[in-house]
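Novice: Need coordinates for the below:
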Amino acid sequence: MIHAVILYSTNDYRFFDTCISNLIKSNIHCHIVTYSHMWNGSVENYELLENSISQFKGNKLVNLYNIDWTEGQSPWYWEALGRYLATQEVSDDSEYILYIDIDEIIDIDDFNIWKSNNFLNYQSYDLIRLPNYWYFREPIYQATCIEHSPILVNSQIAKVLPFYPGGRNVYIDRIYNKLTDNSQPFIHHYSWVRTKEEMLRKVNNWGHDKDKNWSELVEEEFLRPFNGTDFVHKYSYTIVDNKFNL
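Specialist: Got it, this is the predicted structure:
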C-alpha cells in the first residue's frame, strides 16, 4: 500500500484536480496539507481552496489537514512541517510514502506498468528516487532529459525521522539504502507550466526565492515566445501532446 503526502496552495490550482484524481484512481491514499496563508504571508484564497478540495471531502482515500501560518519562519520550515505532520498521520499498514508535489501528475497506465514490472523488485530499498518528465511554460514543452525529484520512502522509517526544516531532501540525507530508478517515468512535473502571473506568484512563495532574481527572469521570459530553453536549468525541449489537457 502506498500513501502520498501532498502540499497544496491555490497558486497551484490548475494542477490540483488531475493530480489528486489520478492518485486516487491509482489506489494511492492522499494526505493533502493546506495552509491559512501563502508562504510569503499573503492570505490564502479560501473560496478557491474550498472549491478545489470539496469534491474529495468524505473520500476514504483522502485526508485533509490545514496549518495556521504565522510570521517568522521560512518557506522551507512550512514545507517541512506540512510533510512531517502528514507523515505522522499515515496509517501503519502503509508500506511506502510517496512525497509528491501537486504539480507532479501520475500517468495511471504507466504507473500500473511500473508497479507490475518494478515495485516488487524495489521493496528491499528504504528510498526510491523516481524519474519524471519536466515541463516549462506550456504542457507541450517537455525537457529532453529526465529528472528524479519525487521520492518513495519506506513508511516505517519516514515516520520516525525527526522534524527538520528542510525540503524533501531531508529524507534522502538520513536514509542510506536507496535507489535511483531509471525506468520509464510515470510522473509528469509541471512546476514551471504557468502564465506570467502564475509564475511570479510561484517565485515569490518558495524557499529558493533568494537564489536568483527570479521575478526579473520571469519578466524577461515573457517578453518573447518560448525560445527552446528555460532559465531554471537550461534544458532543451521537445514538443509533445498536452497529456492531461492542462
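Novice: centroid residue for the protein?
Specialist: Against the mean C-alpha coordinate of the chain, by C-alpha atoms, centre = their mean, the closest residue is residue 101 at 1.0 Å.
Novice: State the pLDDT value of that one.
Specialist: On the pLDDT scale, residue 101 is placed at 94.
Novice: For it, list the residues it contacts.
Specialist: Neighbouring residues of residue 101 by C-beta atoms under 8 Å, 6 or more residues apart in numbering: 6, 7, 12, 149, 150, 189, 191. In short, each C-beta sits where N, CA and C put it, glycine included.
Novice: Ok, residue 35 next?
Specialist: 9, 44, 66, 67, 68, 69, 78, 82.
Novice: Restricted to strands, list the residues you listed.
Specialist: If you go by DSSP state E, those have 66, 67 in strands.
Novice: Grab the CA positions of the helix or strand encompassing residue 201 and hand them over as CSV.
Specialist: Following DSSP states H and E, one finds residue 201 within helix 196-203. The C-alpha trace of helix 196-203 is given here as CSV (Å, rounded to 0.1, in the frame of the first residue of the first chain):
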residue,chain,number,x,y,z
LYS,A,196,3.5,35.0,-16.3
GLU,A,197,1.3,36.0,-13.3
GLU,A,198,1.2,32.4,-12.0
MET,A,199,5.0,32.1,-12.4
LEU,A,200,5.6,35.4,-10.5
ARG,A,201,3.4,34.1,-7.6
LYS,A,202,5.4,30.9,-7.6
VAL,A,203,8.8,32.5,-7.3
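Novice: what sits up against that helix?
Specialist: 11, 14, 38, 191-192, 194, 209, 214-215, 218-219, 221-222.
Novice: Repeat the analysis, applying 10 Å as the threshold.
Specialist: Applying C-beta atoms under 10 Å, 6 or more residues apart in numbering, the contact partners of helix 196-203 are 9-14, 38, 40, 42, 103, 136-137, 191-195, 208-209, 211-219, 221-223.
Novice: just stretch 89-97 next, same as before
Specialist: Residues contacting stretch 89-97 (C-beta under 10 Å, 6+ apart): 1-5, 28-29, 31, 33, 63, 65, 83, 86-87, 119, 122-123, 125-128, 151-159, 171.
Novice: For residue 68, list the residues it contacts.
Specialist: The neighbours of residue 68, taking C-beta under 10 Å, 6+ apart as the test, are 35, 36, 37.
Novice: try 8 Å
Specialist: So residue 68 contacts 35, 36 (C-beta under 8 Å, 6+ apart).
Novice: residue ranges of the strands in this protein, please?
Specialist: Shown for the chain, the strands assigned by DSSP E span residues 2-7, 29-35, 62-67, 96-99, 104-106, 127-129, 132-136, 138-143, 151-154, 178-180, 187-192, 237-239.
Novice: Save those as CSV, and put in distance to residue 200 too.
Specialist: Shown next, in CSV, are these (distance: least, C-beta to C-beta, whole Å):
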stretch, distance to residue 200
strand 2-7, 20
strand 29-35, 19
strand 62-67, 24
strand 96-99, 26
strand 104-106, 21
strand 127-129, 30
strand 132-136, 15
strand 138-143, 17
strand 151-154, 28
strand 178-180, 33
strand 187-192, 12
strand 237-239, 22
